[in-house]
Each structure stands twice: as structure tokens, then as C-alpha cells.
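Q: I would like to see how this sequence folds:
(one chain, ligands or ions: 1)
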Amino acid sequence: MRSDIIRELNAEYDRQRAINAQEETLRREKAAVLCPEIPRLEAERDQLIFGGIRGVLTGRELTDDIPARMDVINRRIRSLLLQNGLAEDYLEPVYSCRKCRDTGYCGEPVKEMCDCFRTKFFTRLYQRMGLGSAQEQTFERFDPDVFPDTPMEGRGFSQRDVMQMYLKRCRDWAENYPDNDRRTVVFMGQSGLGKTYLMHCMTKRLLEKGVNALLISAFSFLDTARRAYFSGKTEDMDTLLDADVLLIDDMGSEPLMENITIVQWFNLINERQTRGKATVVTTNLMENELRERYTERVASRLLNNEAMVLHFIGEDVRRRTSP
Ligand SMILES: [Zn+2]
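A: This is a model prediction of the structure:
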């Protein structure tokens, strides 16, 4: 998916450069029509630059006054442009992004994505992964204050305390990746408690770090597994197995299909754990429900001392804040 987007963007940047070059030609023509002195001055300037280069190449010393003469010509061009009602930088190169000159990359000697390219890249990546916009659902935007700060019944802490702690744990986990002690992460609790939100934040942070992270719903995982099971084509399953971090939302919402669901979950989790890959799962099910639905074999892969299990408790804030 990443390389597809990069290819697309590279092609768009090529097109943009061609459009800008065309625009430069049109502007040059327009300026020449309005003021024939301008092309003459430009030709003179070209001659000066060319003469200077030729001088260097043939070992002759540069005449000192070239920069000064260039400056005179440039100033004359700028004032002629203004006199003809055009902007003084009308004949400067046209760039949509000056920083990378519409190449999408900057830096020497190592070229890196320009900010303009990076923003477009992540916007598309998030879109295609169903993650919403880059501004939504990020650790920075996550506001524990939307959760009540009164101590929960029978406990000495509030829902807000819990969410503040989970926000930190999730952010640390994503930022420290791949140096995590616990490679399996499980978010448990009813819907509306922020599980999916935090999972999206984690996915974005991992993607920004360049980690091969993949977010899918439990439903589409099962669908992929089922298609592989019946067709024998395993490419899509391999993608799920190969992702360095696989984040699966809403385990338990997918249909329970005989001979498929449980086996596929077991194979996926077991295989990923054996390979040392990280898997993050959210579920609305309680521990006993998870055991009941998926058998002890699957549940014990998720709920053991090696895993980071976060219990989301409290009230549904969406229900509370919605009118
Ligand atoms: Zn740029």
C-alpha cells in the first residue's frame, strides 16, 4: 500500500512540474508581448551567465563585474514587470512548493520526503486504512478530560485516571516500538470507552515512524481468512502474517463459523507470536466470554503474563455527551 501511494504521488508531482513549466512559458510569452524589452534583457542575462561559465571552463578568470551586471539587469526586469502591471516575481520559476521545487524530496546527500509530500502521503495512507484524517484520533488530540473524574463505585480512582494512564501506556508502547517487552496487547471493555480511538492513535504513530503496521477489523480478518481457506490463495493472509504490527479491531463481532473462525484466530495469533510479531486486539468481550467463544487455546494466547491487557471500565462517553 505504501509503495502504491508513493508511486501515485511521484506521478502527480511529475504532472505538477509539467503544468508549472507550461505556466512559466505562458508568463514569459505574456511578458514579451507587453514589453519586448524584457526578452531582450533576458537574452542579455543568459549571455552573461553563459559567458561566465565558458570563462570558468576555459580557465579564464571571471570578470568581477558579472554579478553586478546581472543585478542591474534583474532590477530592470523587475521594474519593467511592475510598470506593465505584473508582479515583480512574475518570471521567477513557478513552484507549488518552494522547499522541494515540486520534486517531493529534499535534503543532501540523503533525500527525504518533503513536508508537502509527507502530508499527502499520510493523508492517503490513513484514508485507505480507514483511519480518518491526520488531524483526527491522535494521541495529541486524545482528551482524558471527557471522562468523568469522580471515583468509580467501589474504587479509589476515576475513569479519567484510568484513561490518563492508558493514554500514556499506549503512547509509550507505540513510541518505544520495537523495544516492547509485551508484543501482544489486548484492550477489553464495552464499546464507547475509547478502545478503538486509542488503537487508531497507536496505528498512526507507528505509521509515522515508518513501521509496517496494519489495522483491520475482526470482520475483515475473518473474511480474508475465509477466502484464503476456500480459494487456497494466501497472499492476503500472508500480508496479515507479515505486518510487523497487526491491529485488529472488535474481536468477537465477526461471525463464528464452524471449523474456520477459531482455527483461523489461533493460527494467526500463534504464528505471529512465534515470529515475534506484535499484535494488538480490541474486544467487547469479557475474559470468560473470550474463553467461551474462542476456546482456552486461543484465549490463553491473548490473556497471559506476556501480554499487556488493558481493561477499559466506566461509562460510554459518546452516550453521555451526545444529545
Ligand atoms: Zn515540498
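
Q: now stretch 291-310, how far from the chain's geometric center?
A: A distance of 31 Å separates the centroid of the chain from that of stretch 291-310, by Cα atoms, centre = their mean, to the nearest Å.

Q: Could you tell me which residues of the protein lie near the ion?
A: Cys97, Lys99, Cys100, Cys114, Cys116 (Cβ under 5 Å from the ion). The C-beta positions use only the backbone N, C-alpha and C, and glycine is treated the same way.

Q: From these, list the buried ones, please.
A: Cys97, Cys100, Cys114, Cys116 (16 or more other Cβ atoms under 10 Å).

Q: which SSE is the last one in?
A: In this case it means Cys116. In this assignment (DSSP states H and E), Cys116 forms part of helix 115-128.

Q: Same question for that helix: list its buried residues.
A: Under the neighbour-count criterion of 16+ other Cβ under 10 Å, helix 115-128 has Cys116, Phe117, Lys120, Phe121, Phe122, Arg124, Leu125, Tyr126 buried.

Q: Pipe the residues you listed into TSV and attach distance to Asn180 per row.
A: Below are these laid out as TSV (distance: Cβ to Cβ, whole Å):
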residue	distance to Asn180
Cys116	33
Phe117	30
Lys120	30
Phe121	25
Phe122	23
Arg124	28
Leu125	22
Tyr126	23
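
Q: Mind putting those residues into a markdown table with pLDDT?
A: As requested, these are exported to a markdown table (pLDDT from 0 to 100):
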| residue | pLDDT |
| --- | --- |
| Cys116 | 88 |
| Phe117 | 91 |
| Lys120 | 86 |
| Phe121 | 88 |
| Phe122 | 82 |
| Arg124 | 83 |
| Leu125 | 82 |
| Tyr126 | 80 |
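
Q: which of those lies closest to the ion?
A: The nearest member of the buried residues of helix 115-128 to the ion, counting by Cβ to the ion, is Cys116 at 3.4 Å.

Q: can you map out the helices along this structure?
A: Using DSSP state H, the helices of the chain run over residues 2-34, 37-57, 66-83, 115-128, 159-176, 195-208, 218-231, 235-242, 261-274, 287-302, 317-321.

Q: tell me the most buried of the ones you listed?
A: helix 195-208 (a mean of 22; mean count of other Cβ atoms under 10 Å).

Q: how far off helix 115-128 does that one point, in degrees?
A: 140 degrees (axes from the mean of the first three to the mean of the last three Cα atoms, to 10 degrees).

Q: Let's test this: mean pLDDT of helix 195-208, rounded?
A: Taken as a whole, helix 195-208 carries a mean pLDDT of 92.

Q: hang on, the earlier thing: and which of the residues of the chain next to the ion is nearest Gln22?
A: Cys97 (17.3 Å; Cβ to Cβ).

Q: Next, the contact list for the closest one, please.
A: Cys114, Cys116 (Cβ atoms under 8 Å, 6 or more residues apart in numbering).

Q: hmm, back to that, turn the buried ones among the residues of the chain next to the ion into a markdown table, columns for distance to Glu12.
A: Shown next, in a markdown table, are these (distance: Cβ to Cβ, whole Å):
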| residue | distance to Glu12 |
| --- | --- |
| Cys97 | 12 |
| Cys100 | 13 |
| Cys114 | 13 |
| Cys116 | 11 |
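
Q: burial of Val186, as a residue count?
A: Here the number of neighbours of Val186 (other Cβ atoms under 10 Å) works out to 23.

Q: Excluding sequence neighbours, find me the nearest residue to Cys170.
A: Sequence neighbours aside, Leu198 is the residue nearest to Cys170 in space, at 4.9 Å (criterion: Cβ to Cβ, 6 or more residues apart in numbering).

Q: wouldn't that neighbour be in contact with Val185 here?
A: No - look at Leu198 against Val185 with Cβ atoms under 8 Å: they stay out of range, at 10.1 Å.

Q: Can you mark which positions in stretch 304-320 are buried?
A: Ala307, Met308, Val309, Leu310, Phe312, Gly314, Val317.

Q: Could you measure from the fifth one over to the ion?
A: In other words, Phe312. 40 Å (Cβ to the ion, to the nearest Å).

Q: Please name the residues that touch that residue.
A: Val162, Tyr166, Phe187, Met188, Gly189, Gln190, Leu193, Gly194, Lys195.

Q: Could I get the pLDDT score of the fourth one?
A: It stands for Met188. 97.

Q: in the sheet, who's paired with it?
A: Beta-bridge partners of Met188, counted by DSSP bridges, are Thr283, His311.

Q: Thought Glu287 was touching it, still the case?
A: Yes - Met188 is within contact range of Glu287, at 7.2 Å (criterion: Cβ under 8 Å).

Q: Can you report phi and psi for the closest residue to Gln190 other than its chain neighbours?
A: Leaving aside its sequence neighbours, Gln190 sits nearest to Asn284 (Cβ to Cβ, 6+ apart; 5.8 Å). Here is the backbone geometry of Asn284 (degrees, to the nearest 10): phi -90, psi -10.

Q: Let me have the helices of the chain in CSV, extended by distance to Ser253.
A: Putting the helices of the chain into CSV (distance: least, Cβ to Cβ, whole Å) gives the following:
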stretch, distance to Ser253
helix 2-34, 28
helix 37-57, 67
helix 66-83, 64
helix 115-128, 21
helix 159-176, 21
helix 195-208, 11
helix 218-231, 6
helix 235-242, 17
helix 261-274, 12
helix 287-302, 11
helix 317-321, 17
